[in-house]
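Novice: Okay, predicted coordinates and the sequence, questions at the end:
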Amino acid sequence: MNHPFRAACLGLGALLALGACAGLRSGGEEVAAASAGSGRDSCGAIDHQSLVGQSAATLDPAALPEGTRVLFPGMPATTDHREDRMNVEVGSGDKVARVYCG
C-alpha cells in the first residue's frame, strides 16, 4: 500500500540531509569563514592550515602558538570556546584533520 505522504516524507528527508551537508566545510574553509565573519583570525589558525593532512608525529609544539590544544580521537577536552586558542584536531590515520580557533 502506498501512503500519500510517503513521497513527501522522503523528499523532506532528502532536503534535510542536503541542508546538513551544506554546513560541512574543511578545516581551512571553516576557519576562513569564521574569520571573515569576525573580521580577524584571533588564534592564528589560518597561518597553520598547512598542518592539515600531515602526520601528528611531525607536529612541533614550539612552532605552535602558546596554549594550542592538540586533540586526538576520543581524548576528553573542555567545551569552552576561546577565540584566542588554536586547536589542532588529529583524525583517523594519525593525520591532522583540521586546525581552528575555539
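Specialist: The structure has been received and is ready for your questions. This structure is a prediction, so every number in the text was calculated from the model and none was measured.
Novice: Span of stretch 56-71 from start to end?
Specialist: Its start and end residues considered, stretch 56-71 measures 10 Å (Cα to Cα, to the nearest Å).
Novice: Give me the residues contacting that stretch.
Specialist: Among residues not part of stretch 56-71, those counted as contacts by Cβ atoms under 8 Å, 6 or more residues apart in numbering are 43-44, 48, 51, 72, 77, 84-90, 94-96. For glycine as for every other residue, the C-beta is placed from the backbone atoms N, C-alpha and C.
Novice: same thing but 7 Å
Specialist: Under the contact criterion Cβ atoms under 7 Å, 6 or more residues apart in numbering, stretch 56-71 has outside partners 43-44, 77, 85-90, 94-96.
Novice: and which of those residues is nearest residue 102?
Specialist: residue 87 (5.7 Å; Cβ to Cβ).
Novice: The closest residue to that closest one other than its chain neighbours: neighbour count?
Specialist: What sits nearest to residue 87 in space, not counting adjacent residues and going by Cβ to Cβ, 6 or more residues apart in numbering, is residue 69, at 4.9 Å. The criterion is other Cβ atoms under 10 Å. On that basis, residue 69 has 15 neighbouring residues.
Novice: Any figure for the gap between residue 69 and residue 56?
Specialist: 13 Å (Cβ to Cβ, to the nearest Å).
Novice: Check residue 46 too.
Specialist: Shown here: residue 46 relative to residue 56, a distance of 20 Å by Cβ to Cβ.
Novice: about what we covered before: next, format the contacts of stretch 56-71 as CSV and append secondary structure, neighbour count and distance to residue 65.
Specialist: Listed next are those as CSV, based on DSSP: H, G, I helix; E, B strand; the rest coil; neighbours: other Cβ atoms under 10 Å; distance: Cβ to Cβ, whole Å:
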residue, secondary structure, neighbour count, distance to residue 65
43, coil, 23, 7
44, coil, 15, 5
77, coil, 10, 17
85, coil, 19, 8
86, strand, 24, 5
87, strand, 18, 11
88, strand, 24, 10
89, strand, 18, 15
90, strand, 20, 17
94, helix, 12, 22
95, strand, 15, 21
96, strand, 22, 15
